[in-house]
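Student: just a sequence and a predicted model for now, questions to come.
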Amino acid sequence: MNAMTQTSSRFQQGLTRLLQSRVADILSYPHGVDRYLEVFNPLWSVNEVRAKVEAVRYLTNDSVTLTLRPNHNWEGFIPGQFVQLSVTINGKRQTRCYSPANSLHRADGCIELTAKVHANGFVSRHLREQLSVGDVVLLSQADGEFALPEQRPEQVLLISGGSGITPVMSMLRTLCDEGFSGPITFLHYANSAADMIYASELDEIARTHDNVTLVRCFNDEGEQGELSGLFSREHLYIAAPEFAQATTFLCGPPPMMAAVE
């Protein structure tokens with residue numbers, strides 16, 4: 001860290017302490033410091049994690065993928081954890097939980113959230129239909145015990161269904177970025193190939209990483225996956241015959257998770 005960076009860091013720390021002080025609370029009453037800061041920049045906040053929308057993508061017809069750049073209050077995450085995302089719709093704050101899907105080692109400091117959009121998904125429809133580049137959303141710090149352990153397993157089995165793909169996608173991307181060489185089996189369930197989020201990237205990962213085996217299972221008849229139908233014991237033995245030696249990470253709809261467990 002050079003002298004200029006150190007000076008900037010000390011200035012930011014001092015300013016933060018000042019804005020968090022009792023004096024600042026009194027001077028900014030009744031609205032609070034953050035309400036005044038956001039007038040100058042929507043990302044500025046003493047305590048809140050705010051994030052600017054850098055990109056919006058549509059990987060399937062019923063999903064939306066957001067690239068978000070958090071402010072300096074963001075403390076990072078462990079692959080598998082979730083965050084609470086809040087947006088204001090019709091004057092009311094709405095909050096939903098989503099899991100970052102990006103690698104822990106993403107270089108630009110952004111995080112990626114993907115939401116499956118359902119017919120009655122009030123917030124998810126807003127994210128897909130109304131959110132634009134430049135908008136600012138509110139995030140919580142990352143939380144949750146479902147997470148990739150610091151001591152990486154020797155062998156990994158990832159099982160996901162539908163939008164449950166996002167936390168295990170983060171795990172896979174992280175392991176690949178780390179040069180993990182142990183066997184990884186990625187078993188994913190979707191209604192059809194068109195419904196599978198991250199389909200093309202997963203194809204590329206499996207093609208370029210000899211230790212990654214991709215097994216796709218589609219429920220619709222006539223779809224070309226490695227398996228078809230709902231999860232079963234037979235699927236497990238076909239996809240990952242050595243599953244007993246692997247550390248398994250599972251995320252998906254409750255009925256599928258119950259069947260796997």
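Tutor: On my side now, so go ahead.

Student: which residues of the chain fall in helices?
Tutor: 3-19, 22-27, 33-40, 122-129, 165-177, 199-208, 233-239, 254-260 (DSSP state H).

Student: buried sites along the fourth one?
Tutor: This means helix 122-129. For helix 122-129, a neighbour-count test (16 or more other Cβ atoms under 10 Å) marks Val123, Ser124, Arg125, His126, Leu127, Arg128 as buried. The way it works is simple: take the backbone N, C-alpha and C, and place the C-beta from them, glycine included.

Student: quick check: the fourth one vs Lys52, distance?
Tutor: So that's His126. 17 Å (Cβ to Cβ, to the nearest Å).

Student: now swap in the fifth one and tell me
Tutor: To Lys52, Leu127 is 14 Å away according to Cβ to Cβ.

Student: same deal with the second one?
Tutor: Remark: distance between Ser124 and Lys52 (Cβ to Cβ) = 20 Å.

Student: got it, and the third one?
Tutor: Arg125 is 21 Å from Lys52, where distance means Cβ to Cβ.

Student: and which of the buried residues of helix 122-129 is nearest Gly91?
Tutor: His126 (13.0 Å; Cβ to Cβ).

Student: and the pLDDT at the nearest residue to that closest one once chain neighbours are set aside?
Tutor: Distances taken as Cβ to Cβ, 6 or more residues apart in numbering place Ile89 nearest to His126, at 5.4 Å, with adjacent residues excluded. Note on Ile89: pLDDT of 94.

Student: quickly list what Ile89 is bridged to.
Tutor: For Ile89, the beta-bridge partners are Lys92 (DSSP bridges).

Student: where's it relative to Asp135, distance?
Tutor: Distance, Ile89 to Asp135, using Cβ to Cβ: 12 Å.

Student: so what touches stretch 54-62?
Tutor: Residues external to stretch 54-62 that are found in contact with it (Cβ atoms under 8 Å, 6 or more residues apart in numbering): 64-69, 110, 114, 116-118, 128, 131-133, 194-199.

Student: what's the ChimeraX syntax to select whichever of those residues are buried?
Tutor: Typed into ChimeraX, the next command selects the buried ones out of the contacts of stretch 54-62 (criterion: 16+ other Cβ under 10 Å):
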select :64,65,66,67,68,69,110,114,116,117,128,131,195,196,197,198,199
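
Student: tell me which of the contacts of stretch 54-62 fall in strands.
Tutor: Among the contacts of stretch 54-62, the ones falling in strands (DSSP state E) are Val64, Thr65, Leu66, Thr67, Leu68, Arg69, Thr114, Lys116.

Student: what's the closest non-adjacent residue to the third one?
Tutor: Sequence neighbours aside, Leu113 is the residue nearest to Leu66 in space, at 4.9 Å (criterion: Cβ to Cβ, 6+ apart).

Student: same deal with the fifth one?
Tutor: Setting aside the residues directly before and after it, Leu68 is nearest to Ala51 in space (Cβ to Cβ, 6+ apart), at 3.9 Å.

Student: close enough to count as contact, that neighbour and Val136?
Tutor: Yes: between Ala51 and Val136 there is a contact under Cβ atoms under 8 Å: 6.8 Å.

Student: the two: who's more crowded?
Tutor: Ala51 (24 against 17; other Cβ atoms under 10 Å).

Student: list the contacts of that one.
Tutor: Leu43, Leu68, Arg69, Pro70, Asn71, Trp74, Ile111, Val136, Val137, Leu138, Leu139.

Student: for the second one, what are its contacts?
Tutor: Spelled out, it's Leu68. Ala51, Lys52, Val53, Glu54, Cys110, Ile111, Glu112, Leu113, Val137, Leu139.

Student: near Val49, how many other residues are there?
Tutor: Neighbours around Val49, by other Cβ under 10 Å: 22.
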